[in-house]
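Enquirer: Need coordinates for the below:
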Amino acid sequence: MTVSVPLRAKAPGAAHAAVSEIDGRRVVVIDIDASVRKGALSSPASQTIATAADTARQMGLPLIALMGSSGADIVEGFSALHGWGQAAKAMASCSGIVPVIAVVTGPAVSGPALLIGLADHVIMTEDSYAFVSGPAMVAEFTGVFVDNDELGGANSHARFSGAASMVVANREAAMEAVVQILSYLPSSVDDDAPRWPCDDPWDRPVPEAGALMPTTSTGSYDMRGVIRALVDDGEMLELRARWAANIVTALATIDGRPVGIVGNQPLALAGTLDIPASQKAARFVAFCDAFNLPIVTLVDTPGFYPGKDLEWRGMIRHGAQLVFAYARATVPRICIVLRKSYGGAYIVMDSKKMGNDLCLAWPIAELAVMGAGQAAAILQRRATAEERAAFEADYAERLLNPYVAAERGYIDGVIEPGETRAEIARGLRILAEKREHLPARKHDNTPL
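Expert: This is a model prediction of the structure:
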């Protein structure tokens, strides 16, 4: 990292900022030094953060925040909280304008924990931790005793909260991860994502993608194998891999064009959508749309995961987040139905009527309100086993095939699995100049 222009260089406190270069990309870097009063954020330190965020937004440069902070400076008192508010407002103002990546290298406690929550992506080192209320407060209020790592360690945030997009060994590895993420992104909303040099033929046949499909409709396979078959050189950067494993979100390139990929994962919960999966996919779709990345959606889901607990926790609200994210996305959107696409999950996984630009299906795809077995359980409750079997066979033959959907205009075509990469690449070329007129409004009201 080569520092070119320090910001507020003489200001006291643990926060330092500069316009810098990372792997040839100009960025604004905030570095909170945990060795200075444990990184406590005084009012001047928070003002440095705010200045850095404002500079990034005004110059159209990515904002990289390296966090190691014990929270607001208790010694300074209320002024420290006021300064934190300034920092939070400035970072929030960057949202959707420049990429914001937080790197947690030590503690991120109380206010700083909320600051990393404002970032587009968070990279945590293995020994770092982040929480709003610490172990002492948890023990006092709940009687449950936990340590820093169990409460807010990197692995906990990677697996349970989804706050960590990636977990790496140390600070050096974290900066390499920053470079990886930035390589797919423009510097600001006003730019296009950088094209990658690519020797992988755009029309390369990918029969191996279809070969991954099990012989039965209930069999499982790894969606990541399909993604690697479709993308350039089999390379993808999966984000939030350990959280909501029933859906995959990844950055990759196709024909040298950076894209965001969303795919149901049959290896986990049969690829059904639950609350974490809806949140994970919605956040990723919104991120891709904000920074001009085309979205490729690979669909194989039998529906939403059923359960009283999920409904009481707000499946409606969180499922609507995914609907909302796709519905407002204006970047090129390509949907490929690989196998199952049933019911409400069919709609929310960027179906044709949700406004995608190209929707294709493999010959084995099943697009319907529900599967044959589910339909029989409802419509043939009093039928004999033979009658139910005959109903299921007829239902599958008449309705569970993509050709009916194609005839009705619900998909644009049926393609062989081996043609998928070429069709996606061709679609991306055609849609490269896509522009949509957005209605004038203050802002939308995202379901939370």
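
Enquirer: So Ala277 belongs to a helix, correct?
Expert: Yes. Read with DSSP: H, G, I helix; E, B strand; the rest coil, Ala277 is one of the residues of a helix.

Enquirer: From Pro186, how far out is Ala193?
Expert: Taking C-beta to C-beta, to the nearest Å as the measure, Ala193 falls 5 Å from Pro186. The C-beta positions use only the backbone N, C-alpha and C, and glycine is treated the same way.

Enquirer: Overlap in contacts, these two.
Expert: 291-292 (C-beta atoms under 8 Å, 6 or more residues apart in numbering).

Enquirer: between the two, which one's more packed in?
Expert: Ala193 (22 against 19; other C-beta atoms under 10 Å).

Enquirer: Tell me if I'm right that that one and Gly256 touch.
Expert: No. Between Ala193 and Gly256 there is no contact, the gap being 10.4 Å when judged by C-beta atoms under 8 Å.

Enquirer: Skipping its backbone neighbours, what lies nearest Asp23 in space?
Expert: The shortest distance from Asp23 to any non-neighbouring residue, by C-beta to C-beta, 6 or more residues apart in numbering, is to Val179 (4.5 Å).

Enquirer: Correction: the previous question concerned Tyr410.
Expert: Lys352 (5.3 Å).

Enquirer: Which pLDDT does the model give that neighbour?
Expert: According to the prediction, Lys352 has pLDDT 88.

Enquirer: thinking it is in contact with Cys359, fair?
Expert: Yes. Taking C-beta under 8 Å as the contact criterion, Lys352 and Cys359 are neighbours in contact, 4.3 Å apart.

Enquirer: Who has more neighbours out of those two?
Expert: Here Lys352 and Cys359 are compared on neighbour count by other C-beta under 10 Å; more neighbours surround Cys359, at 24 against 20.

Enquirer: And what about the more buried one, helix, strand or coil?
Expert: What three-state DSSP gives for Cys359 is strand.

Enquirer: just Val27 next, same as before
Expert: Recorded secondary structure, Val27: strand (three-state DSSP).

Enquirer: and it, how many neighbours?
Expert: Other residues close to Val27 by other C-beta under 10 Å number 23.

Enquirer: again with Leu448
Expert: Applying the criterion other C-beta under 10 Å, we find 10 residues in the vicinity of Leu448.

Enquirer: Which helix or which strand is home to the residue nearest to the spatial centre of the chain?
Expert: By C-alpha atoms, centre = their mean, the chain has its centre lying nearest to Phe284, at 2.6 Å. Counting by DSSP states H and E, the element that carries Phe284 is helix 275-290.

Enquirer: Excluding its own residues, what touches that helix? List them.
Expert: 95-96, 120-121, 162, 189, 239-240, 243-244, 246-247, 249, 259-260, 262, 269, 273, 293-295, 310, 313-315, 318-319, 321-322, 324-326, 328-331, 348.

Enquirer: Show me where the stretch 201-350 of the chain has its helices.
Expert: Along the stretch 201-350 of the chain, counting by DSSP state H, counting those that start in this stretch, helices occupy 207-211, 223-230, 275-290, 308-312, 315-328, 343-348.

Enquirer: Can you tell me which of these is most buried?
Expert: helix 275-290 (a mean of 23; mean count of other C-beta atoms under 10 Å).

Enquirer: Low-confidence regions, the stretch 51-200 of the chain specifically.
Expert: When the per-residue scores of the stretch 51-200 of the chain are filtered using pLDDT under 70, the ranges that remain are 72-78, 80.

Enquirer: 50 instead?
Expert: Along the stretch 51-200 of the chain, the model assigns pLDDT under 50 to no residue.
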